[in-house]
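**Q** have a look at this prediction, sequence included:
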Amino acid sequence: MRTIGVLLWKPGISENGIGNKPLRFQARTLREKEAAAPPLHRILCLRPDGIGDMVCCLPALESLRAAYPAAHLAVLAGPRNEELLREHPAVDRTLVADLRGRDGTPWPLWRLGRRLRRERFDAVFAFRTETRTHYLAWATQAPYRVGYADKPMGRWLTHALTGGHRRGTFHEIERNLALLELLAIPTTRRQPRLFLTTAERLEARQWLREHEIAEEDFLIGIHPGASTPDRCYPEERYAWTVARLQEREALKGRLVVLAFEGPADQAPVERLIQALKAEGVPYRRARTGGLRQMMALMAACRLVLANDSGPMHVAAALEVPFVAVFGPGDHLRWMPPGEHGRMVRPVDPQERDLRTIPATRILEAVEELILWIKDRSESSS
């Protein structure tokens, strides 16, 4: 096994997204980095984890589609992400496996590997650095097995990047795109995109009408949940923020909050609703019937307030203006890129407690974003 150095000059990370700085990896490969992209007809991408992880993988999927427009592109995803990938033009097929549950146990995992091997893929990209995804990549026996060499079974990959990830170094989007570089595949896009059908958008409008939300209302979506409690900004401060907005002359009588509730968000949504009631802010509770409905309702919002969570990435990929509140998470790795987002985090770089962020800073970010929305609207008219 040979070891070669690879220096990839890619957009790095600025405070609000992607800026410019080099990313340094060392590639450990059975073959040297390809001089030209190989001919590929059947491609499998392994990304069986969270919503935000998958959204950050979308630019890599679009780059693969651009490089191989006639190839069959399949994605192995976790149960939550099957809906996310539906209607995405880069993806031909989504295979669903719960590697964090039963599918990740030895016997089902072995059977899944056998099934993937029968698919006769030309290339497999293991975008998740994890032993089980490395095993599945190896089980396919694809000629090109690309991933990260920082977990057991990394040596079973044909092309791998070493060095791991250090907090505050580079964005997850760039980390994914770096795998394509090992096969000399051009990386054509860095902004994730999600797609909705016309029918889904019409159904969302119907839902809003049924809940007495008019098209002229200023609809603000708030998702108060996150994967862990320490990533949840205090709900009463979100409520205070929108209450102060409601006092603005231009928004009096027009502002409505849509409180998004996922499967594990009941407690923070309850606290948010109680705080909105105390502040006298009109609200609707969005207990959606699935991820697609949440996406469609989110796309109807003028802006979204969210913690460091999957819905934050969804809003960004739908090009909905958003304010993201970061605490213990690595903002340089996970803050979505794009001028339509604003990030708020503790002033002290070493501080990770969200409670140190005053609500006035959230309000400032929202007001700045509203001005940006207004300027963009005026320049396009």
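**A** Yep, that arrived.

**Q** on the three-state scheme, the closest residue to P224 other than its chain neighbours is what?
**A** Leaving aside its chain neighbours, P224 sits nearest to P268 (4.0 Å; criterion: Cβ to Cβ, 6 or more residues apart in numbering). Just so you know, the C-beta spots here come from the backbone N, C-alpha and C atoms, and that holds for glycine as well. Here P268 is recorded as helix under DSSP: H, G, I helix; E, B strand; the rest coil.

**Q** for the helix ranked longest in the chain, packing partners?
**A** In the chain, taking DSSP state H as the definition, the longest helix is helix 359-380. Packing partners of helix 359-380 (3 or more Cβ pairs under 8 Å, 6 or more residues apart in numbering; DSSP states H and E): helix 235-246, strand 303-307, strand 322-325, strand 341-344.

**Q** surely the residue nearest to P224 touches I222?
**A** No. With contact defined as Cβ atoms under 8 Å, P268 does not count as touching I222 (9.8 Å).

**Q** using the centroid of this structure, identify the residue furthest from it.
**A** Farthest-out residue of the chain from its mean C-alpha position, per Cα atoms, centre = their mean: E249, at 35.0 Å.

**Q** where does pLDDT dip in the stretch 1-150 of the chain?
**A** By pLDDT under 70, the weakly predicted segments of the stretch 1-150 of the chain are 1-32.

**Q** and the helices in it?
**A** According to DSSP state H, counting those that start in this stretch, the stretch 1-150 of the chain carries its helices in the segments 51-67, 82-85, 106-118, 131-140.

**Q** let me have these in CSV, extended by distance to V124 and mean neighbour count.
**A** Below are these laid out as CSV (distance: least, Cβ to Cβ, whole Å; neighbours: other Cβ atoms under 10 Å):
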stretch, distance to V124, mean neighbour count
helix 51-67, 12, 23
helix 82-85, 17, 19
helix 106-118, 8, 14
helix 131-140, 5, 23
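
**Q** and P349, which of those is closest to it?
**A** Closest approach to P349 among the helices of the stretch 1-150 of the chain is made by helix 51-67 (21.9 Å; Cβ to Cβ).

**Q** to the chain's geometric centre, what's the distance from the closest one?
**A** Centroid separation for helix 51-67 versus its chain: 10 Å, with Cα atoms, centre = their mean, to the nearest Å.

**Q** and for L272, the neighbour number?
**A** 26 (other Cβ atoms under 10 Å).

**Q** that one and W240 touch, don't they?
**A** No. Shown here, L272 and W240 do not form a contact pair, counting by Cβ under 8 Å, at 11.3 Å.

**Q** any shared contact partners between the two?
**A** Counting by Cβ atoms under 8 Å, 6 or more residues apart in numbering, no residue touches both L272 and W240.
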